[in-house]
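> Pasting the sequence and the predicted model now:
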Amino acid sequence: MKGIIACTAIVVAAVLNSFSQTPAVAGKSRDSKPTGVSTGLDVVELAKAVVAAHGGEKLQKMKTLVVRGSADVSAFGQAFPGSFSLVIAAEKYRFEVNSIQSFKQVFDGENTVTSVQVGFMLPPMNRLGIPLLARFGDSGFVVSTLPTGKKQNGFRITSPEGWYTDFYIDDKTKLVKAYDSAFEVRGQKVTTSVDISKNLTVEGVVIPEKFAQRFDMGQLTAYVDFKSKEVLVNSAISDDVFRLDN
């Protein structure tokens with residue numbers, strides 16, 4: 001049972017990070033050019049167009065975000081209705097999911113606390129999915145062509161740590177319609193796939209509203225249908241929200 005909740009938590013966080021402000025890395029500027037780019041200019045220009053379609057500077061400079069909605073999980077042949085909430089302010093975040101069991105993880109800018117007492121921890125929330133899109137142009141974030149065999153229009157962005165997202169783009173709108181990501185948690189490789197069916201625009205930022213995600217972690221595969229019901233961008237958030245004991 002705890003395994004299902006832990007998996008649910010990772011899935012929700014991985015997708016909802018696509019809404020988050022990506023904090024700047026110390027010593028790295030958004031004005032710097034991507035290093036180690038192994039593609040032609042067409043892929044770089046496509047990435048620029050996709051960033052612009054999702055809000056451009058408004059996406060990259062978003063200060064705070066609050067998202068609440070439903071997260072219906074299917075795993076082991078069973079379906080579990082639930083809800084989620086995510087609050088982000090710069091580097092700090094608070095994430096909660098309520099289904100057959102509640103899960104909470106809080107990062108106060110220095111320390112992380114999770115309510116699952118099995119040594120479980122979410123991966124960094126600024127290195128997967130659309131948050132990588134907001135890092136386009138930062139030193140160390142590499143833009144490259146999709147791997148051989150992936151025929152869709154898109155590109156890959158890889159973080160300095162080696163985590164990557166393959167973005168698949170709608171030719172007409174230049175919005176992200178789907179993406180695949182891979183990362184490592186405590187030595188175990190985890191992959192996830194997201195399909196976005198509906199977006200909404202809040203304060204000039206285009207945010208996925210309805211999306212489905214498959215999450216594969218070796219012996220466990222889970223599917224989650226998400227619907228964002230309340231989204232606040234750049235609202236005032238008290239530091240008390242990010243207290244580790246709250």
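That came through fine. Numbering: from 1, shown residues only.
> mind listing the helices for the chain?
Assigned by DSSP state H, the chain shows helices spanning 2-16, 41-53, 57-60, 130-134.
> Can you flag the weakest of those helices by average pLDDT?
Looking over these, mean pLDDT reaches its minimum on helix 2-16, with a mean of 47.
> Tell me which residues of stretch 78-85 come out buried.
By neighbour count on 16 or more other Cβ atoms under 10 Å, the buried set for stretch 78-85 is Phe80, Gly82, Ser83, Phe84, Ser85. Every C-beta, even on glycine, is put in place using the N, C-alpha and C of the backbone.
> Just the ones in strands from those, please.
Counting by DSSP state E, the members of the buried residues of stretch 78-85 that fall within strands are Phe80, Ser83, Phe84, Ser85.
> wait, isn't the first one in contact with Val97?
Spelled out, that is Phe80. No. Between Phe80 and Val97 there is no contact under Cβ atoms under 8 Å: 10.4 Å.
> which stretches of the protein have low pLDDT?
1-41, 116-126, 185-186, 188, 217-219 (pLDDT under 70).
> can you map out the strands along it?
Under the criterion DSSP E, strands of the chain are mapped to 64-75, 78-80, 83-89, 92-98, 102-107, 112-114, 142-144, 154-158, 164-169, 176-185, 188-202, 205-217, 220-233.
> Report all helices and strands that the second one contacts.
If you count contacts as 3 or more Cβ pairs under 8 Å, 6 or more residues apart in numbering; DSSP states H and E, strand 78-80 packs onto strand 64-75.
> Dump the C-alpha coordinates for the strand it packs on into PDB.
The C-alpha trace of strand 64-75 is given here as PDB (Å, rounded to 0.1, in the frame of the first residue of the first chain):
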ATOM      1  CA  THR A  64       5.100  31.500  -7.100                       C
ATOM      2  CA  LEU A  65       2.500  28.900  -8.100                       C
ATOM      3  CA  VAL A  66      -0.400  27.200  -6.400                       C
ATOM      4  CA  VAL A  67      -2.100  24.200  -8.100                       C
ATOM      5  CA  ARG A  68      -5.000  22.100  -6.700                       C
ATOM      6  CA  GLY A  69      -7.000  19.500  -8.300                       C
ATOM      7  CA  SER A  70      -7.800  15.800  -8.700                       C
ATOM      8  CA  ALA A  71      -5.400  12.900  -9.300                       C
ATOM      9  CA  ASP A  72      -7.000   9.600 -10.000                       C
ATOM     10  CA  VAL A  73      -4.600   6.700  -9.800                       C
ATOM     11  CA  SER A  74      -4.700   3.200 -11.400                       C
ATOM     12  CA  ALA A  75      -2.200   0.600 -10.200                       C
END
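> Give the buried residues for it.
So strand 64-75, judged by 16+ other Cβ under 10 Å, has buried residues Thr64, Leu65, Val66, Val67, Gly69, Ala71, Asp72, Val73, Ala75.
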